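Chemist: Next one to model:
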Amino acid sequence: MELKKPLLEVRDFAVHFKQYGKGLHRKDIQVISNFTLDLYAGEILAIVGGSGSGKSLLAHAILGILPANAYTSGSIKYKGEELTPKKKEQLRGREISLIPQSISYLDPLMKTGHQIGSPLQNLKGTVKNIMKRFQLAELVEQKYPFQLSGGMARRVLIGTALSSGAQLIIADEPTPGLHKSMVDETLSSLKELANNGRGVLMITHDIDLAFIIADKIAVFNKGVSVEIADAKLFEASPDNVAHPYSKALWHALPQNGFHSIRGMDYGNYIDAVQHSGDGEA
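Modeler: Next up, the predicted model:
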């Protein structure tokens with residue numbers, strides 16, 4: 001019997017930033033280290049960790065959109081094939097799609113309707129359905145991003161990714177600023193994609209959202225994946241996870257006592273990103 005192969009394989013992956021100080025002295029800062037995961041078609045895997053812990057950098061690395069002063073080591077494979085820079089460019093927006101954290105990713109010179117159903121995607125018939133699903137009025141189709149509210153722009157970003165036909169969807173904090181009904185619709189859409197055989201990698205600091213939607217949770221702390229756990233078992237009890245940070249995340253939830261998490265140091269990561277010219281964490 002042939003074993004099922006992962007849609008996405010990440011092995012011993014690391015991200016470094018190069019910085020130059022006085023006298024052109026070079027300093028390297030490592031913000032992700034020894035990261036390993038497997039994501040299968042039909043599965044939702046959530047990467048959970050504090051804000052500024054480097055989670056978004058993994059998404060940017062998969063897509064090939066890291067800042068110019070970043071370099072990587074380790075391996076990322078899609079459908080068993082190494083994701084080289086050329087391969088990432090070929091697949092980006094086609095087979096691998098991003099729901100980004102920032103609404104600035106929308107093209108400021110393109111109307112909403114064209115962004116949701118671009119010629120690249122060739123899915124014009126889906127535009128009106130997606131707009132209706134995310135409660136976007138018909139007139140929004142002819143508006144530019146600067147004419148949209150923050151919540152509307154985020155819904156357009158989600159619709160753009162859903163219409164892409166991609167096999168791998170990377171959702172980077174997809175729900176902040178959305179009304180609860182739209183949060184529920186977004187999660188439902190991601191679940192629907194997984195049920196239709198797509199792979200979904202969701203990046204979030206909200207572990208409660210991960211419990212709702214994910215099959216597995218990768219706990220991320222200080223640029224390291226400390227463990228990968230079954231989402232339902234993790235939700236049920238902290239005894240079902242091994243790492244102290246995972247247990248601390250569980251106890252930090254309001255329904256579990258709302259205990260604070262101490263000892264998180266993201267100074268190196270924040271410093272590296274500020275010097276890269278890319279402010280997204």
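Chemist: low-confidence ranges in the stretch 151-281 of the chain?
Modeler: 261-281 (pLDDT under 70).
Chemist: and stretch 116-136, how far apart are its ends?
Modeler: One end of stretch 116-136 to the other measures 12 Å (C-alpha to C-alpha, to the nearest Å).
Chemist: where along this protein do the helices fall?
Modeler: Ranges of helices in the chain, per DSSP state H, are 55-63, 85-91, 112-116, 127-133, 150-162, 180-195, 207-213, 231-236, 244-252, 267-276.
Chemist: Tell me which residue is most central in this protein.
Modeler: For the chain, the residue nearest the mean C-alpha position is D172 (2.9 Å; C-alpha atoms, centre = their mean).
Chemist: gap between that residue and S97?
Modeler: Using C-beta to C-beta, to the nearest Å, D172 is found at 11 Å from S97. C-beta coordinates here come from the backbone N, C-alpha and C atoms, glycine included.
Chemist: got any ranges where the stretch 1-150 of the chain has weak pLDDT?
Modeler: Within the stretch 1-150 of the chain, the segments meeting pLDDT under 70 span 1-3, 118-125.
Chemist: ranges for the strands of it?
Modeler: Along the stretch 1-150 of the chain, counting by DSSP state E, counting those that start in this stretch, strands occupy 8-20, 26-39, 44-48, 70-78, 81-82, 96-99.
Chemist: Just send those strands back as a markdown table, with distance to H259 and mean neighbour count too.
Modeler: Converted to a markdown table, the strands of the stretch 1-150 of the chain look like this (distance: least, C-beta to C-beta, whole Å; neighbours: other C-beta atoms under 10 Å):
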| stretch | distance to H259 | mean neighbour count |
| --- | --- | --- |
| strand 8-20 | 31 | 18 |
| strand 26-39 | 27 | 17 |
| strand 44-48 | 17 | 26 |
| strand 70-78 | 34 | 16 |
| strand 81-82 | 42 | 10 |
| strand 96-99 | 31 | 25 |
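Chemist: Out of the ones you listed, flag the one nearest Q255.
Modeler: Comparison of these against Q255 by C-beta to C-beta identifies strand 44-48 as nearest, at 16.1 Å.
Chemist: is T72 in a bridge, and if so with what?
Modeler: Counting by DSSP bridges, T72 forms beta bridges with V15.
Chemist: Contact partners for T36?
Modeler: Residues near T36 by C-beta atoms under 8 Å, 6 or more residues apart in numbering: 10-13, 225.
Chemist: ok, how many other residues are close to the closest residue to G151 other than its chain neighbours?
Modeler: Nearest residue to G151, sequence neighbours excluded (C-beta to C-beta, 6 or more residues apart in numbering): G177, at 5.3 Å. If you count neighbours by other C-beta atoms under 10 Å, G177 ends up with 15.
Chemist: For E141, give me its contacts.
Modeler: 111-113, 127-128, 131.
Chemist: Can you say which of the residues you listed are buried?
Modeler: Neighbour counting with 16 or more other C-beta atoms under 10 Å marks 112-113, 127, 131 as buried within the contacts of E141.
Chemist: Out of those, which is nearest to S104?
Modeler: T112 (15.2 Å).
Chemist: So what touches stretch 250-261?
Modeler: Under the contact criterion C-beta under 8 Å, 6+ apart, stretch 250-261 has outside partners 50, 207-208, 234, 237-238, 241, 245, 248-249.
Chemist: at 10 Å what do you get?
Modeler: Identification of contacts with stretch 250-261 by C-beta atoms under 10 Å, 6 or more residues apart in numbering yields 50, 206-208, 211, 219, 221, 234-241, 245, 248-249.
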